[in-house]
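**Q** just need the structure, nothing else, for what follows:
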Amino acid sequence: MVETTLTNKEKTTLYGLVRYPDLNDRALADVLDEKMSTVTSIRRRLHERGFVNKVRIPQFHNLGCEVMCIAHGSFRPVASYGNVVLAKTEETVPATYFGISNPYHFVMLGAAKNYTTAKTTYDEYYRDSKFIKAVDENNLCFSYLAYPLTNLMNFFDFAPLLNSLFELGEKNGGKAQLTPSKTEKKNGLAKPVKAPELSLTEKKVLLGLVKYPEVPDKSLSSKIDVSRQVVSKIRRKLETDGYVRPAVIPDLSKLGMGMIIFTHYTLNPKTAGSFDEKSLIGTKEGLPSFFLCSGPYEFYSLSAFRSYQEFERISERYFKMYSENKALLRSPVILPFSVEDLTYFRNHTYANILKNVLGI
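**A** Here you go, the predicted model:
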């Protein structure tokens, strides 16, 4: 059990904030069977101590984006300036909304309207002379996953992780909360992704919600010059229609987590079909992932562990199963990131991408 500086009530409230990010203090107090004053006090205390950060995640797969971008790689042994190069990705790779690095590896996630935009954006960054000098080209991978063919099993929902970490035992706490894709299928084939018809005011509110996630409706209305009533009405509609999702992101370092592990598995098409997807990936036993997606014959994950030894212990049985059943086409990519030397060169910075997607 991880030792934290949180009391039992603080752990329960933290879990509630992450599990139900759209509830106000009164509603959350009812769910947790706690006094509203206690929830309000703990919420404020957790924010002040830096345990949580609220974001609003645009659901790009429902906003007309066709491609999710995942890039990962390793730095050359002599490229000690790799983190510095990646810190400038906002200027050179505007399609990136999340990225972590240490002196040895990096991972970045992004979204684009289509394959051409994604490929062009990341190719331009790859050709940057500083980036080429910093990375090991033999361990560099750019993946472009079509949203209609991608299964997003967890997209930065930390509730299952906290449920296990705090040993709360909530039955539904092990299932990530997701916004369903609006992709339709005809004769078993996914239809082309279509952008929703949003008015200019709806676009302004959506961008404002993402750009200022901590701001209440009243304050947001003055920032984007839209009345509070309209902001509240549109916000509810955008959330209900699946175009944006509130999320509370915990600081893993304050919860005693020592490692973040990125994994990329490429499955053998000849044998992968005989496995249940969840058993293959390891989610049935509650693998502590906060990002987990799969495409045709491959899957990617970001998971948090107390130590690398814990990761090895939990994942050992899956590696053995993969090997015995020849489930993998090649050796998996495993990139460990110690929380102590971890750099977030992009941390849920969605606004610039969303602005391009909305065309405003």
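
**Q** what ranges do the strands span in the stretch 1-150 of the chain?
**A** In the stretch 1-150 of the chain, the strands defined using DSSP state E, counting those that start in this stretch lie at 52-58, 67-74, 96-101, 105-112, 141-146.

**Q** for the third one, the distance to its chain's centre please.
**A** If I follow you right, that is strand 96-101. Per CA atoms, centre = their mean, to the nearest Å, the displacement of strand 96-101 from the mean C-alpha position of its chain is 10 Å.

**Q** partner strands of that strand and their direction?
**A** Next to strand 96-101 in the sheet, as set by DSSP bridges, lie strand 105-112 (antiparallel), strand 343-347 (antiparallel).

**Q** kindly reformat the strands of the stretch 1-150 of the chain as TSV containing mean pLDDT, distance to Asp30 and mean neighbour count.
**A** (C-beta placed from N, C-alpha, C; glycine too.) Shown next, in TSV, are the strands of the stretch 1-150 of the chain (pLDDT from 0 to 100; distance: least, CB to CB, whole Å; neighbours: other CB atoms under 10 Å):
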stretch	mean pLDDT	distance to Asp30	mean neighbour count
strand 52-58	96	20	19
strand 67-74	93	36	22
strand 96-101	93	33	22
strand 105-112	93	35	24
strand 141-146	93	39	17
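
**Q** would you tell me which of these gets closest to Phe262?
**A** Checking the strands of the stretch 1-150 of the chain against Phe262 by CB to CB gives strand 105-112 as the closest, at 4.8 Å.

**Q** CSV please, covering the strands of the stretch 1-150 of the chain and showing distance to Leu165.
**A** Below are the strands of the stretch 1-150 of the chain laid out as CSV (distance: least, CB to CB, whole Å):
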stretch, distance to Leu165
strand 52-58, 14
strand 67-74, 25
strand 96-101, 20
strand 105-112, 22
strand 141-146, 29
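
**Q** quick check: buried residues in the longest helix seen in the chain?
**A** For the chain, the longest helix by residue count, based on DSSP state H, is helix 308-324. Residues Glu310, Phe311, Ile314, Ser315, Tyr318, Phe319, Tyr322 are the ones in helix 308-324 that count as buried (16 or more other CB atoms under 10 Å).

**Q** the spatially closest residue to the second one that is not a sequence neighbour - how many residues pack around it?
**A** Distances taken as CB to CB, 6 or more residues apart in numbering put Phe305 closest to Phe311, at 4.5 Å, once the chain neighbours are dropped. The criterion is other CB atoms under 10 Å. On that basis, Phe305 has 23 neighbouring residues.

**Q** residues in a beta bridge with Phe305, which ones?
**A** Where Phe305 sits in a bridge, its partners, by DSSP bridges, are Met259.

**Q** residues in contact with it?
**A** Met257, Gly258, Met259, Ile260, Ile261, Pro288, Phe311, Ile314 (CB atoms under 8 Å, 6 or more residues apart in numbering).

**Q** can I get the residues you listed in TSV with pLDDT and distance to Glu214?
**A** Putting the contacts of Phe305 into TSV (pLDDT from 0 to 100; distance: CB to CB, whole Å) gives the following:
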residue	pLDDT	distance to Glu214
Met257	93	23
Gly258	93	28
Met259	95	28
Ile260	96	24
Ile261	96	29
Pro288	83	26
Phe311	89	33
Ile314	83	34
